[in-house]
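Asks: my questions concern the predicted model and sequence given below.
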Amino acid sequence: MADTTIPQEESAEKKGLNFVEQIVADDLAAGKNGGRLNTRFPPEPNGYLHIGHAKAICMDFGVAEKFGGTCNLRFDDTNPVKEDVEYVDSIREDIHWLGFDWGNREYYASDYFPQLFDLAVRLIKEGKAYVDDQTSEQIAEQKGTPTIPGQESPYRNRTPEENLDLFIRMNNGEFDEGARVLRAKIDMASPNMHFRDPIMYRIIKTPHHRTGTTWKVYPMYDFAHGQSDYFEGVTHSICTLEFVVHRPLYEHFVKELADETYCPRQIEFNRLNLTYTVMSKRKLLQLVKEGLVEGWDDPRMPTISGMRRRGFTPASIRNFIDKIGYTKYEALNSISLLEHAVREDLNSIATRGMAVINPVKVVITNYPAGQIETVEMDNNPENPEEGTHSMTFAREIYIERDDFMENPPKKYFRLFPGGEVRLKGAYIIKCEDVVKDADGNIKELHCTYDPESRSGLPGSQRKVKGTLHWVAADTAVDATVRMYDRLFAVENPAAEEGDFRDMLNPDSLIVIEGVKVEPFIAQNAQKDKKFQFQRIGYFTPDYSSTPDHLVFNRTIALKDSWEKEQKK
Ligand code: ATP
Ligand code: MG
């Protein structure tokens, strides 16, 4: 389960290059493709990008940056049934947010439909492709197995003239979807199943988001991808390991176009799989469509847009991807590593403030009513340049209900009757009395303070074991917090038997109203601002937050509570 380290790749790692970068460096050194380096990131616009795509983006754009090449953004829009402009827009936004730019090199596989069609026509004329009238089920039945050769289609030996006529009529819309396909005539006995006369074109009558109703035939991935790479001048086509078995076919088709001066090559690395997460776009779409989450950008989703809304930073995602690295072996990475990277970055950039999630009122009985004073708080102890802000101290304050116990166990360092704690940045208080309502619930705590214990005063050095966060009752602002946690309750939902939807973590979102935040937080709660609520965790305003109704998303708790769970 754990992250694996791969000894074979260590020698390249030592030079600071991963194995893909090493291949690129070698190709450049050998002067291949005239010394050019051009990669591409090829998303299919059929969903929002997720953290797995971020790994591919960091590779595709990263290697181009590192070696002075370029990286294209190419939308792999060959299936109009599933694709949509909403997805195109979100993909652009997410790549930019991660910190990468494709300049004016935005392309679409659909741009190449004319050239791909011409190539198909050429292959038909050369007797290398034929129209098959069988259903996809019949074709699948004849495929054979890796050890048993497939059977040839009864339509395999049509003349080029007949094939050409049929293919053109397919594209004119004369036949129904599924009625005919164009297949490459390669080898039904090949040990590589992908060579057993793969389908090149199928009939689709749904209009395309860019080409409208121009085309009625659409190329399959294997016929479109390599050639699109070629038409675009891509030199290194980097993808994930499931395409290893497609590589010979990639090379087969590309050879129809390429020569010794330029030929794109495919290189594969391991996809990102994360614990407590599903990464399949189909499943993510299902969660969205069935309302099991609040949308593609729900802060629990592994999408880039969800992580952005939750308060993750581009730096934390990139640091995480850097840390896990690229190998040739499938692995399952722990989500704790991602969460660690998020904490690490937020610790250095988040503005500190006080918020009380589950407040109980404290009345400081020896503090004069109506008196207030201000105390200075660091905005970020990690970065003194960010200065301080003032907080009001008064007779009535709120502390966390969980920071008080009426009958504490031994070594309880928070507040209890007769016990003392320091209020962070302010005075030491002592609990004198517990005030309850008729039902026995704690209504208020009555405390006294030590007027000498504030910083700068003689008693400031006096030590007590516990320090609590707090906010002044009069000036505190009400807020709602949305406490997010892992979306799934099981470590590897994809590997479990049963419906993945039954594995959702029922506590992945807990909404808490009536949270008290200090005014400084309320005043600075603009979009994408990162806060650390002292002793609680990292928070960011949700997109729905307004000055009149503050809503914060918990990005991540201060500590990994799951790790503890697992060690118990
Ligand atoms: P599908 O093709 O099933 O819709 P996909 O996840 O492959 O889903 P694409 O839009 O085709 O989605 O992916 C674009 C690029 O991102 C591809 O190069 C793919 O290899 C890469 N990619 C997708 N998922 C991951 C992942 N989990 N880890 C790393 N790279 C990924
Ligand atoms: Mg894909």
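Replies: Received it, and whenever you're ready, just let me know what you need. Ligands and ions are numbered 1, 2, ... in the order given.
Asks: point out where the stretch 401-550 of the chain drops to low pLDDT.
Replies: Along the stretch 401-550 of the chain, no part satisfies pLDDT under 70.
Asks: where does the prediction get shaky in the stretch 101-250 of the chain?
Replies: Within the stretch 101-250 of the chain, not a single segment meets pLDDT under 70.
Asks: nearest to ligand 1 within it, name that residue for me.
Replies: residue 240 (3.6 Å; CB to the nearest ligand atom). For glycine as for every other residue, the C-beta is placed from the backbone atoms N, C-alpha and C.
Asks: what residues does the chain have near ligand 1?
Replies: Within the chain, the positions adjacent to ligand 1 are 42-44, 46, 52-53, 55-56, 76, 239-240, 271-272, 279, 281 by CB under 6 Å from any ligand atom.
Asks: can you pull out the helices in the stretch 1-150 of the chain?
Replies: Secondary structure of the stretch 1-150 of the chain by DSSP state H, counting those that start in this stretch: the helices cover 10-14, 19-29, 51-66, 85-98, 113-125, 136-141.
Asks: wait, which of those is closest to residue 492?
Replies: With respect to residue 492, and counting by CB to CB, the nearest of these is helix 51-66 at 14.6 Å.
Asks: list the buried residues in that closest one.
Replies: Neighbour counts using 16 or more other CB atoms under 10 Å place 51-64 of helix 51-66 among the buried residues.
Asks: so who does residue 388 touch?
Replies: Applying CB atoms under 8 Å, 6 or more residues apart in numbering to residue 388 gives the contacts 376, 377, 378, 379.
Asks: mind giving me the PyMOL command for buried ones among those?
Replies: Filtering the contacts of residue 388 down to the buried ones (16+ other CB under 10 Å) takes a single PyMOL command:
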select buried, resi 377+379
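Asks: closest to ligand 1 among the contacts of residue 388?
Replies: Set against ligand 1, the nearest of the contacts of residue 388 by CB to the nearest ligand atom is residue 379 (37.2 Å).
Asks: so what does that closest one look like in phi/psi?
Replies: phi -80, psi -30 (degrees, to the nearest 10).
Asks: would you confirm that it contacts residue 351?
Replies: Yes: contact criterion CB atoms under 8 Å: residue 379 and residue 351 qualify, at 5.3 Å.
Asks: between these two, which contacts overlap?
Replies: Here residue 379 and residue 351 share the contacting residues residue 386, scored by CB under 8 Å, 6+ apart.
Asks: average pLDDT across stretch 303-322?
Replies: Mean pLDDT, stretch 303-322: 98.
Asks: if you count neighbours, what's buried in that stretch?
Replies: 303-321.
Asks: cool, and stretch 336-356?
Replies: Buried residues in stretch 336-356 (16+ other CB under 10 Å): 336-343, 345-346, 349-356.
Asks: measure residue 125 to residue 163 for me?
Replies: 9 Å (CB to CB, to the nearest Å).
Asks: if I pick the closest residue to ligand 1 within the chain, what's in contact with it?
Replies: For the chain, the residue positioned closest to ligand 1 under CB to the nearest ligand atom is residue 52, at a distance of 2.2 Å. Contact partners of residue 52, counting by CB under 8 Å, 6+ apart, are 271, 272, 273, 279, 302.
Asks: could you look up the SS state of the first one?
Replies: This points to residue 271. coil (DSSP: H, G, I helix; E, B strand; the rest coil).
Asks: any idea of the pLDDT on it?
Replies: 97.
Asks: show me what the closest residue to it other than its chain neighbours is bridged to.
Replies: Setting aside the residues directly before and after it, residue 271 is nearest to residue 240 in space (CB to CB, 6 or more residues apart in numbering), at 4.3 Å. Following DSSP bridges, residue 240 is listed with bridge partners residue 269.
Asks: so what's the residue count around residue 240?
Replies: Other residues within reach of residue 240, judged by other CB atoms under 10 Å, total 16.
Asks: tell me who's in contact with it.
Replies: By CB under 8 Å, 6+ apart, the neighbours of residue 240 are 56, 268, 269, 270, 271.
Asks: tabulate those in CSV, adding columns for distance to residue 186.
Replies: Shown next, in CSV, are the contacts of residue 240 (distance: CB to CB, whole Å):
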residue, distance to residue 186
56, 29
268, 22
269, 27
270, 29
271, 28
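Asks: what's the nearest residue to residue 507 if we skip its chain neighbours?
Replies: residue 485 (5.9 Å).
Asks: phi, psi for the one you found please.
Replies: For residue 485, the backbone dihedrals (degrees, to the nearest 10) come out as phi -140, psi -180.
Asks: same check on residue 468?
Replies: phi -110, psi 150.
Asks: how much space separates it from residue 445?
Replies: 11 Å.
Asks: any idea which element residue 448 lies in?
Replies: In this assignment (DSSP states H and E), residue 448 forms part of strand 442-449.
Asks: and that strand, what's buried?
Replies: 445, 447, 448, 449.
Asks: same thing with stretch 228-238?
Replies: 228, 229, 230, 231, 232, 234, 235, 236, 237, 238.
Asks: what's near enough to touch residue 501?
Replies: With CB under 8 Å, 6+ apart as the criterion, the residues that contact residue 501 are 286, 287, 290, 292.
Asks: which stretches of the stretch 401-550 of the chain form helices?
Replies: Going by DSSP H, counting those that start in this stretch, the stretch 401-550 of the chain shows helices at 519-523.
Asks: check what pLDDT residue 565 gets.
Replies: We have a pLDDT of 52 for residue 565.
Asks: ok, now which ones touch residue 41?
Replies: Taking CB under 8 Å, 6+ apart as the test, what residue 41 contacts is 56, 57, 60, 61, 71, 72, 73, 74, 95, 102.
Asks: hmm, try it at 6 Å
Replies: 57, 60, 73 (CB atoms under 6 Å, 6 or more residues apart in numbering).
Asks: any chance of those residues in CSV, plus pLDDT?
Replies: Shown next, in CSV, are the contacts of residue 41 (pLDDT from 0 to 100):
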residue, pLDDT
57, 98
60, 98
73, 98
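Asks: export those as CSV, with columns for distance to residue 525.
Replies: Shown next, in CSV, are those (distance: CB to CB, whole Å):
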residue, distance to residue 525
57, 30
60, 36
73, 34
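Asks: can I assume residue 323 sits in a helix?
Replies: Yes: according to three-state DSSP, residue 323 belongs to a helix.
Asks: from residue 143, how far out is it?
Replies: The gap separating residue 323 from residue 143 is 41 Å, by CB to CB.
Asks: all set now, cheers.
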